[in-house]
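Student: with the input below, show me the fold.
(chains A and B)
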Amino acid sequence: MKEWQFNSNPATSDALKRRVVIFGICFGIILLGLFIRLWNLQVIQGEKFRTLSEDNRIAYRLVQSPRGMVLDSQGELLADNRASFNIYLIRENVKNPKQTIRLLAEITKQPFEVLYQRTRNANPFRPFLIKADISRKTMAFLEEHKPDYPGVFVQATPLRRYPSKEQASHLLGYLGEVTNRQLQRLKQRNYRQGDLLGQYGVERTQEIFLRGQSGFKQVEVDAYGRELRIVRPFVEKAGNNVYLTIDMELQKKAEELFEAHEGSIVILDPSDGAILAMVSKPSFNPNIFAGGIDSKDWKGLMKDPLKPLENRAIRGQYPPGSIFKIVMGFAILNEKIARSDEKIRCHGTFPFGKKIFRDWKKGGHGPIDFIQSLAQSCDVYYYTNGHKLGIERIARYARMFGLGSPTGFGAAEKGGLVPSDAWKRRRFKERWYEGETISVSIGQGFNLITPMQAANLIATVANGGNLWKPYIVKKVLSPGGKPLFESRPRLIRKIPISQQIFRKVREALREVVHGKKGTAKKAQVPDIFVAGKTGTAQTVDLKYTGRKRKPEELPRKFRDHSWFVAFAPYEKPTIAIAILGENAGRPGSFFAPYAKELISFYLTKNEQQILASNEATEEKPPAPLKQAPGARR
Amino acid sequence: MTGIAPSKSSPFRRAVSQMDWLLALATLLLSLTGIYMIYSATHSNPVFLKNSLHLKQALWSSIGLCLLLCILFFDYHIFTRWAYFFYALVIVLLIAVLFSGQVVYGAKRWLVFGPLRLQPSELARLAVILVLARYFGSRGEENPIGFKELFPAFVLAIAPVLLIVRQPDLGTGLTVFLIAGAMVLVVGVRKRVILTIGCMAIASAPLGWLFLKPYQRQRILTLINPDADPLGAGYQSMQSIIAVGSGEFWGKGLLQGTQSRLHFLPEKHTDFIFSVLSEELGFIGSVSVLALFFIFILRCLSAALNAADKEGALLAVGITTAFFLYIIFNIGMTLGLMPIVGIPLPLVSYGGSASISSFIAIALVLNVGMRRKSLTHAFS
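Tutor: Here you go, the predicted model:
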C-alpha cells in the first residue's frame, strides 16, 4: 500500500469547510448577478437590441478635420488643403482578402506583397488607408464594383496642398505617414496607424498646432458597408493657422534668383532675428508627399547626389572663407592687437616656418589699415594678426558670435565647427599647430559654419551686438482667429564689445561695397548705403591651389564655395542677408548683385507699404477734435 | 452491479465508484456546446471555415479528455508532491517567454517549440494552485495564519504574477493573484492580517493606476464610458451587448446570428463566444449554459468539502476559483460589466492551450473527489 504516506497530511477542519461553503454562496450570488443582467439585456431590453442589430447596423467612420493653414507674414497662403478621395479597407469585412488586395494593388499601382503584408499587420476592425488621393476614374470604378468587394470604401478627406510648389519647400516641410516608432509615442494624442503628420520643416515643428481633430462619426451602414444615415456626427475641428515671419514675395524673389544654383540664402530681420526668407537649393515639391509619397519618387529624392531634401540653410556646413574676417576684425580691435589706423605692409605672402601663406592678390595690397583690410579682403593682414591672436582667442570670439553651435532655430540644425586646441586633441588626438591658426584666420582650415549662422552673424553686426535667436513662427491663430501663440524675440546674448568697435567694423563693411577698392561694388543699391562681405571658401587645402585653375576644370566637389553676407540700409539696417553658393566655383563677389536685387526689392516694397499704410490713415475719418493736428503726418 | 463494487484488491476501482459523474457530464456538455458555437461563430468566415476551427477544437478537447483519464489513474498527492519542481519549471518558462516569446498583438505570451505553441501563463495558474495547496496543506495547526506564514506564500504567488504582467497580460496575472488570495482566505487568516492588507490595497489603488499601460487604463475608462473610444474597446463592448440583447428569449436560432455573421463582433470564436451563443440561443440558451457552469462549480466545491485532507481541499478550491474567475470575467465582459481583458470562457472558447489546461484542472478536481475521506479512512 502506497497510500499510508499521505495519511500524515492534516485532515480538513470544520472551519475550513465552513469557509468553502461561504465561497460557494458568494459564487452563487455573483452568478445570480450575471443571470439578472442576462434577463435585463435579453428579455427586458431584448426588443430594443433586436432592432439595433437587424435594422441599424452601426459603424464608425473616421473623420479627419482639415489641417491648419500656413501663411506668411502678409497672410499669403503657403499651405492649405483640397478635397481628395482615399481608399480604405476594413479587413474584417473583406470576403476574399487575397483577391481584393490584388485588385487594390493593381489599381493603385503598389506591389501586392507589400500591401498584403501591411494590411495583415493593421488592426482588422479599423479602416486601413490603401491609397490617398485616387483619381476620379479609380473612384468611379470602385463605386461601381462595390458589391463585389465588401470591406473596401472610398472616403473624401482633405489633402495638403502647397501652392508655391518647389518654393520654400524646406521651411514648410512635408507630411508623412506616422511611423511605428512615432505611433508608440503619440498614441495618447489620438494618432492612428495611417495618419499623416508633419515629418519635416514647419509642418513637423508646428504639428501640435496644425493638426486637425480627428474622430469618429457613427453611421448606419448596410451589409456592404455603405453609409445609409449619420447616427451621430463628429463635429469637425480644423487645425490652427500658423503665420510665419517669412515674406513670401521676398522668398520667391530669392528662389528665382537662385534657381540655377545650389546653395542657400537666408534673410533675417536684424532687429529681432525673424527669418524673412530661407532658401535651400536644390529643392523638392512637398505636394508629392501629401498623399503618401510614391516609393519611386522617394528613392529618386534619396539617391539624388545633390541631396534636395537637405535644408542647406541650417544643415549645410561650409568653411566660411573671408566672411570669417568679420569675426577676426572684432577680435583684433577688441583685443587691441592692432589699432584701426595701424597699417600693415602686405607683400602678398606670409612666410611661416617652411610654409608660405599667400594672399589672394598676387603682389599684395601694399600698406593696408583695418578698414581697407576688410574692404579688399587682404589675407596677409589677417595672417599676421591672427597669428598674434592665437587659436584660443579666435575660437572665443567665433563662439561669441554664435558660431560653432546651433543658433537654436530648429532641432535638425547643425552647429558648424569652431576649431581649438582642445577640440583637435579630442578629435584627432593631436596638438594644435600654429600654422593651422593662420589658415583659420582667413576662414579656412577646420572652420565650418552654416548659412543660418552666417546670416545671424551679419545681423548681429548690423544691430550693434544683439545676437538674436532666429525664429520663423510669428503667431498661431485658432480657426476662429483667437491667438494661441505669439512669438517673442529671444536674445541669445549681447556681444560684450564696445559700440565704437562695432561702428568701425560696419564702416569697413560699407567700404566693401562702396569703397574704391571694395570687393563687392556690384552690391551697390542706388540712394542707400549697403554693407557686406565676400567670401570664397576653398574646398581643398591652400597648398594645392598655388596654381590657379578654372572652376570648370575641377570636379564639382572641389570647386570653391562662394559667400556673400550683407545688411542694409547702413544707418538703420532692416535686412540682413547671407548667400552661399555651394561649389559655385566663383568668387564671393559673384553673388553681390543677388544681394543688391534682394535688398532693393525688399526696401522698395517696405517703403511702398509704409506709404500705403500712411495713406490709409489719411483716409480715415477725421480724428477726434482733441487730437493735436501735428500728430498726423 | 456487483462488478464495480469496491474490492480490497483494487484501490482504483474503489475510486472509480466514487467518481463524480455529474461533474464529468457538465464538462462534456460544455465542451460540446463550445465546439458547436465555434462552428457557428466561424462558419460565415471563409478563412476560419477553411481552417475548420471547430474540428481543431474537437481534437483539442479529445486530447484533453485523454489526459483527464490518464490523470485519474494517479493519486493527486503525486502531483502535489512534485508541486515545487513543477513550479520552478513554470517560472523558468515564464522568464523564457519574456526573452524569446512570440509577439502576438504586442504581447509576448507564446513559446514556440517546433509545431507546438505553449502559453506558459496557462501552466502558471496550475503551478501556483499546486504549490500553495502543498504549502498550506502540509501545515498542521488549525489556528488562522499570520504574517510570518503568509509571506512565503505571497512570494510564491507574486513571482509568476509579476512575470505574467510583464508580458503584458494583466488579465491572467490578476486572476492568478486572486486565486492565490482565495486559497489563503479558505485556509483562514488572522483578522489583523486581513485588515492591514485591505487598508494597504485601498491605499495603493491610485498607485496601481500609475503602473497600468495606457491601453489598460483605456479599457477601464471605456467601461465607465463606452462612447469615449467608440472604435476600440467601447466598440467591442457595445457590439457584444447588442449581440446578447438581440437574442431575446428564444434566440435567433443556430447559425442565424447577424451580429457575428456580419462581423460586428470581434474575437467571436474566442473571447466573445458567449455573445454568439446568447445571440443565437437567446436567454434560454445562455441561462442553460450559466446553469451548467453553476452545477460545474458546485460539484467542484463539493469535491473540496469532502476532500480527504487539506491539500486536496485547497487544490479543489484553487481550481474552482480559477474556473469561476474565468467564467465571470469572460461573461461579465461580454455583458459589458467588466473591462475587456482577453480571457476565454473555460471549455467553450476556442484555444488549444486553454482547453487542455482546463481538462487537466478538472481531472485534478475529479481526482480529489474520487479519493475522498470516507474511502481513505475506511481502508487505511
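Student: got the contact list for the closest residue to residue A:353 other than its chain neighbours?
Tutor: Nearest residue to residue A:353 in three dimensions, chain neighbours excluded: residue A:435, at 6.4 Å (C-beta to C-beta, 6 or more residues apart in numbering or on different chains). C-beta here means a position set from N, CA and C on the backbone, and glycine is covered the same way. Residues in contact with residue A:435 (C-beta atoms under 8 Å, 6 or more residues apart in numbering or on different chains) are A:352, A:353, A:355.
Student: for residue A:435, what are phi and psi?
Tutor: Torsion angles at residue A:435 (phi, psi; degrees, to the nearest 10) stand at phi -60, psi -30.
Student: check the spacing between it and residue A:335 real quick.
Tutor: Using C-beta to C-beta, to the nearest Å, we find residue A:435 at a distance of 21 Å from residue A:335.
Student: okay, whichever residue of the stretch 201-350 of chain B sits closest to chain A: pLDDT?
Tutor: Residue nearest to chain A within the stretch 201-350 of chain B (C-beta to the nearest C-beta): residue B:245, separated by 2.7 Å. Predicted confidence (pLDDT) for residue B:245: 88.
Student: thinking it is in contact with residue A:46, fair?
Tutor: Yes - between residue B:245 and residue A:46 there is a contact at 5.6 Å, judged by C-beta atoms under 8 Å.
Student: tell me where the stretch 151-300 of chain B has helices.
Tutor: Using DSSP state H, counting those that start in this stretch, the helices of the stretch 151-300 of chain B run over B:170-187, B:191-211, B:214-224, B:233-246, B:258-261, B:273-305.
Student: buried ones in the first one, by neighbour count?
Tutor: I take that to be helix B:170-187. B:170-180, B:182-184, B:186-187 (16 or more other C-beta atoms under 10 Å in any protein chain shown).
Student: give me the pLDDT for residue A:489.
Tutor: On the pLDDT scale, residue A:489 gets 92.
Student: ok, now how distant is the nearest residue to it once chain neighbours are set aside from chain B?
Tutor: Leaving aside its sequence neighbours, residue A:489 sits nearest to residue A:272 (C-beta to C-beta, 6+ apart; 3.6 Å). As judged by C-beta to the nearest C-beta, to the nearest Å, residue A:272 and chain B stand 41 Å apart.
Student: what about residue A:272, neighbour count?
Tutor: Neighbour count of residue A:272, defined by other C-beta atoms under 10 Å in any protein chain shown: 19.
Student: am I right that it is in a strand?
Tutor: No - going by DSSP: H, G, I helix; E, B strand; the rest coil, the assignment for residue A:272 is coil, not a strand.
Student: isn't it right up against residue A:470?
Tutor: No - contact criterion C-beta under 8 Å: residue A:272 and residue A:470 do not qualify, at 9.5 Å.
Student: burial count for residue 127?
Tutor: No chain was given, so I picked chain A. 28.
Student: let's do chain B instead
Tutor: As a burial measure, residue B:127 scores 25 neighbours (other C-beta under 10 Å).
Student: which residue packs closest to it, ignoring adjacent ones?
Tutor: In this structure, residue B:127 finds its nearest non-sequential neighbour in residue B:90, 4.1 Å apart by C-beta to C-beta, 6+ apart.
Student: the one you found and residue B:83, how far apart?
Tutor: 10 Å.
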